[in-house]
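1. Structure, please.
(chains A and B)
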2 protein chains.
Amino acid sequence: MLRTSEMLDSPSVNRDFEMALIGRSPPDEAALRQIEDGADHVLAEVGIRFEGDLETVDLWRQNGGIVKGDHVLLDGPRLRKIIRENAPESFTLRARNPVRDTSIGAKHAPVFAPIYGAPNVLLENGERSSGSLSIYRRLVSMAHAAPALSNTGHMICVLNDVPETVRPMEMALAHLTLSDKPFMGCIASPEAAVDVIDVASMAVGRDATDGACELLHLINATPPLVYKDNPLKVLRAVARRRQACMVTSYMMMGATSPVTVAGTLIQGYAEVLAGLALTQLWSPGAPAVMGLFAIPFGMKSMLPCYGDPASHVVQIYAVQLARRLGVPIRGEGGVTSAKVDDGQAGAEGARATAASVLSGADFILHSAGWLEQGRSVSIGKFEREATAIAQLYGIEAGESAPPLPLDPRLESELRQRIRM
Amino acid sequence: MLRTSEMLDSPSVNRDFEMALIGRSPPDEAALRQIEDGADHVLAEVGIRFEGDLETVDLWRQNGGIVKGDHVLLDGPRLRKIIRENAPESFTLRARNPVRDTSIGAKHAPVFAPIYGAPNVLLENGERSSGSLSIYRRLVSMAHAAPALSNTGHMICVLNDVPETVRPMEMALAHLTLSDKPFMGCIASPEAAVDVIDVASMAVGRDATDGACELLHLINATPPLVYKDNPLKVLRAVARRRQACMVTSYMMMGATSPVTVAGTLIQGYAEVLAGLALTQLWSPGAPAVMGLFAIPFGMKSMLPCYGDPASHVVQIYAVQLARRLGVPIRGEGGVTSAKVDDGQAGAEGARATAASVLSGADFILHSAGWLEQGRSVSIGKFEREATAIAQLYGIEAGESAPPLPLDPRLESELRQRIRM
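-> This is a model prediction of the structure:
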């Protein structure tokens, strides 16, 4: 086996990844073992910091971690064992309208959700404006109307005109009244996450069962090799409620992870292994999705280079690493660095989506609307991509049926919480 | 087994193709057998017309064909046997500069060639003009300079300002003086094809060997189930010179082939089976590439809908059918219906290229410059796509080294032939 430091720069390893990309030689057992072994080495010798959350550190101490302050050395094979023995291979996200329930996992069709986290909006007339509540509500309605999107996501744009404390409930209200599809949970704080879980569970109104939940939450590591306190606390709160976490390492290759594909896979896999194991230690059997999202970082522009094929290779390997863990895997939709919906935007976005779908990703985030390195959601690109995904995956054209009305008592309770 | 007429409309067969597209279930033995059986049924009961070329019809009579006029019923398993026993799995296209020789086949990296056959050109300033000799020469230089393109193709644009009889030599002169990469042969007539083979062989200047030749020729069937006289005569002339033919069925689904993916695969496979077997009957062991290029035809617009995913599914199955025959397979690059290089052009082109590369296609035509249903070559899109392919497949950035000079005596001989 190569040592980690050698692997990071091994041209032969990276050449294999290129070959995988061109479809001649899919990731093989030996290459995947190299990534796992490399990650085990990183976990055992470098470890991961869990900042500001003593409960997490205590939990590791009770489960074989070697703890120094908030810094923990971990045993990779043991983490994999915990995940394999407990995490479900697939699970169902339940919707207000039961016909819109979706299952997430290798045996099911991929789920597409819109862009997540855009501070700005590019309107049809070419104008660029700050994200707002009214635009957010329009985007949720668009996501509901698009047959291609079986999940309306979460923060399609930022609600810059709404106080931060009120945003979680405003967003939940939009998803629960303007759509009856499944959507994603809140991660602003553990309290906000639980509040939204409460209202979503009430709105869905079906008893809890194993293998089914209402909300999927995006939990990000903070590469390199760190988890911050808020994601850790949200992860714990969500897992204990038996709701789903999508544990992701979102890496800038060359800045927050090694510049090579192999090094990035090793670091990111080490990070998500720790996060996924935490979901199962807090709540064995809680649904969890793995995600590795890696973008080369331009040293000249000091910006991430979305659309670079290195990201696709990471995606292809991530799917296989997740299959070996027995958990569903995230993919990325139309991510691009382009500033308008031109040939670059179309090509970069389509290639990223193709890499996700063809490699077998199960939950594909940022499927519609992404522009400008994710700093804007484009109304035009949103519609173009939603149409293309529907056409590509044989979904009937036309709009989704209007959402079932939300129980008026629940709606008024929600509106009251917003006023508080 | 389903009868052909049932297969054409079988939703279950088409659903399998969709699943193959989304990467969950690659084409399996049973589905491929269904296509082969369907094609055998078409060949035996409907047959193929070979128009205006008695030599071809006679050849079939001597090789088990049931001949009525120019209409021949054929035995599919026998055609497959002829192809499998004689056609090479891979071959080398030789260049003037030996370091630019490329091998074509499943064990080699894919070869990318530019758009073929565009009557018009879209210039950088947005102007649309008729293809001309001066633009053609510029495009050949661009193809040479692009590291991504290891073949400079043939008719990148039409030479509308040059008499038809002179075009073959003008094009050959451009490829032989402005580049030293391999390029594609002429199919205007058998005489022109042989003239260009002569000069290309002289320019390459290496002795003939088995498994290596200078030129690849695009030989199209005329669906449904017809070969015209000129392609048949060119195919014979080329095969007898041990040069390569790319035998393609280029189908408009719903117009010149059944509207379904299954029906189109069956018809197109039947057509190319006949053409590929002809290459081996005329010249056992002559290099041959298979191609199925299928585009849904819009019944409202009366135009082909490039970018439709049905084309990608045909591509994915075509690769597997060719692998079973033991011949290299064609793929399509950035084909699109878009009229400018916008988001639609980028996405449709990138998806088509991804389907070709990821499915394992060996020779990818139309890789750079295609716009407007192939009626224009776009200078901007050509450069964008050539750059993207280089980036995607790890080819070093920067321009190719300038071409080796052509032997002045050969160049002056070529120029004399053009004046004649």
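
2. Only C-alpha atoms from now on, for both contacts and neighbour counts.
-> Will do.

3. Low-confidence ranges, chain A, go.
-> Residues of chain A that meet the criterion pLDDT under 70 lie in A:1-26, A:393-397.

4. Show me the longest helix that occurs in it.
-> Taking DSSP state H as the criterion, chain A has its longest helix at helix A:261-282.

5. In CSV, list the C-alpha atoms belonging to that helix.
-> Written as CSV, here are the backbone C-alpha positions of helix A:261-282 (Å, rounded to 0.1, in the frame of the first residue of the first chain):
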residue,chain,number,x,y,z
VAL,A,261,-8.3,13.7,-6.6
ALA,A,262,-6.8,10.8,-4.5
GLY,A,263,-5.9,13.1,-1.6
THR,A,264,-9.2,14.8,-1.6
LEU,A,265,-11.1,11.5,-1.6
ILE,A,266,-9.0,10.3,1.3
GLN,A,267,-9.5,13.4,3.4
GLY,A,268,-13.2,13.8,2.6
TYR,A,269,-14.0,10.1,3.1
ALA,A,270,-12.2,10.3,6.6
GLU,A,271,-14.4,13.3,7.4
VAL,A,272,-17.8,11.8,6.4
LEU,A,273,-16.9,8.5,8.0
ALA,A,274,-16.7,10.3,11.3
GLY,A,275,-20.0,12.2,10.8
LEU,A,276,-21.9,9.1,9.5
ALA,A,277,-20.7,7.1,12.5
LEU,A,278,-21.9,9.8,14.8
THR,A,279,-25.4,9.6,13.4
GLN,A,280,-25.4,5.9,14.2
LEU,A,281,-23.9,6.3,17.7
TRP,A,282,-26.5,8.8,18.7
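
6. and that helix, how far from the chain's centre?
-> 14 Å (Cα atoms, centre = their mean, to the nearest Å).

7. Following it in sequence, what is the next regular element?
-> strand A:288-298 (DSSP states H and E).

8. Just the buried residues of that following strand, please?
-> Burial within strand A:288-298, assessed by neighbour count using 16 or more other Cα atoms under 10 Å in any protein chain shown, is assigned to A:Ala288, A:Val289, A:Met290, A:Gly291, A:Leu292, A:Phe293, A:Ala294, A:Ile295, A:Pro296, A:Phe297.

9. quick one: which of the residues you listed is nearest B:Ala95?
-> Set against B:Ala95, the nearest of these by Cα to Cα is A:Pro296 (35.9 Å).

10. Leaving out chain neighbours, which residue sits closest to the closest one?
-> Once flanking residues are discounted, A:Pro296 sits nearest to A:Met253: 4.4 Å by Cα to Cα, 6 or more residues apart in numbering or on different chains.

11. count of residues packed around that neighbour?
-> As a burial measure, A:Met253 scores 23 neighbours (other Cα atoms under 10 Å in any protein chain shown).

12. what residues are up against it?
-> By Cα atoms under 8 Å, 6 or more residues apart in numbering or on different chains, the contact set of A:Met253 is A:Val259, A:Thr260, A:Val261, A:Thr264, A:Ala294, A:Ile295, A:Pro296, A:Phe297.

13. cutoff 10 Å now
-> Residues in contact with A:Met253 (Cα atoms under 10 Å, 6 or more residues apart in numbering or on different chains) are A:259-261, A:263-264, A:293-298, A:304-305, A:310-311.

14. just the strands in the stretch 1-150 of chain A please.
-> For the stretch 1-150 of chain A, the strands defined by DSSP state E, counting those that start in this stretch cover A:48-50, A:66-68, A:71-73, A:90-93, A:102-105, A:111-112, A:120-122, A:128-130.

15. swap that for the stretch 301-420 of chain A, please
-> Under DSSP E, counting those that start in this stretch, the stretch 301-420 of chain A gives strands at A:303-304, A:330-332, A:363-365, A:370-371, A:376-378.

16. now, of those, which is deepest in the fold?
-> Most buried of the strands of the stretch 301-420 of chain A, by mean neighbour count (mean count of other Cα atoms under 10 Å in any protein chain shown): strand A:370-371, with a mean of 32.

17. Sheet-wise, list the partners of that one with their directions.
-> Looking at strand A:370-371 with DSSP bridges, its partner strands are strand A:376-378 (antiparallel).

18. how distant is the strand it pairs with from the center of its chain?
-> For strand A:376-378, the distance to the chain centre is 18 Å (Cα atoms, centre = their mean).

19. cool, and stretch A:330-345?
-> How far stretch A:330-345 lies from its chain's middle: 17 Å, per Cα atoms, centre = their mean.

20. re earlier: mind picking the one among the contacts of A:Met253 that's closest to chain B?
-> Nearest to chain B among those, counting by Cα to the nearest Cα, is A:Ala310 at 8.3 Å.

21. That closest one and B:Glu124, how far apart?
-> Per Cα to Cα, to the nearest Å, A:Ala310 is found 30 Å from B:Glu124.

22. Give me the more crowded residue out of these two.
-> Neighbour tally, A:Ala310 and B:Glu124, criterion other Cα under 10 Å: the higher count belongs to A:Ala310, 24 against 11.

23. pretty sure that one contacts A:Val261?
-> Yes: counting by Cα atoms under 10 Å, A:Ala310 does reach A:Val261; the two are 6.4 Å apart.

24. still on that earlier bit, so which of the contacts of A:Met253 comes closest to B:Ile135?
-> The nearest one, if we look at those relative to B:Ile135 and count by Cα to Cα, is A:Cys305, at 33.4 Å.

25. Does that closest one touch A:Ser337 like I think?
-> Yes: with contacts counted by Cα under 10 Å, A:Cys305 reaches A:Ser337, the gap being 6.2 Å.

26. shared neighbours of these two, anything?
-> A:Gln373.

27. How many residues are close by A:Val67?
-> Neighbours of A:Val67 using other Cα under 10 Å come to 17.

28. Name whatever forms a beta bridge with it.
-> Note on A:Val67: beta-bridge partners by DSSP bridges are A:Val72.

29. if we can go back for a sec, quick one, which of the strands of the stretch 301-420 of chain A gets closest to A:Leu159.
-> Closest among the strands of the stretch 301-420 of chain A, using Cα to Cα: strand A:376-378, at 12.7 Å.

30. now the helices: where do they sit in the stretch 1-150 of chain A?
-> Per DSSP state H, counting those that start in this stretch, the stretch 1-150 of chain A has helices spanning A:4-8, A:11-21, A:29-45, A:54-62, A:76-86, A:133-145. These are given in chain order.

31. show me what contacts A:Glu214?
-> A:92-96, A:101, A:182-185, A:197-198, A:200-204, A:206, A:208, A:242-244.

32. how about 8 Å then?
-> A:Leu93, A:Arg94, A:Ala95, A:Pro182, A:Phe183, A:Ile197, A:Ala200, A:Ser201, A:Val204, A:Gln243.

33. Check the residues you listed against chain B and report the nearest one.
-> A:Leu93 (20.6 Å).

34. Thought A:Pro182 was touching that closest one, still the case?
-> Yes: here A:Leu93 reaches A:Pro182: they are 6.3 Å apart, a contact under Cα atoms under 8 Å.

35. And these two? Which one has more around it.
-> In this view A:Leu93 and A:Pro182 are compared by other Cα under 10 Å, and A:Pro182 has more residues nearby, 31 against 25.

36. Once you drop chain neighbours, what's closest to that one?
-> A:Ala95 (4.5 Å).

37. What about that neighbour? Give its phi and psi, please.
-> phi -110, psi 160 (degrees, to the nearest 10).

38. what about it, neighbour count?
-> 27.

39. cool, the one 4 residues further on as well?
-> The criterion is other Cα under 10 Å. On that basis, A:Val99 has 10 neighbouring residues.

40. What parts of the stretch 201-350 of chain A come near chain B?
-> Proximity of the stretch 201-350 of chain A to chain B (Cα under 8 Å from any Cα of the partner chain) is limited to residues A:Asp308, A:Pro309, A:Asp341, A:Asp342, A:Gly343, A:Gln344, A:Ala345, A:Gly346, A:Ala347, A:Glu348, A:Gly349, A:Ala350.

41. That concludes my questions; thank you for your assistance.
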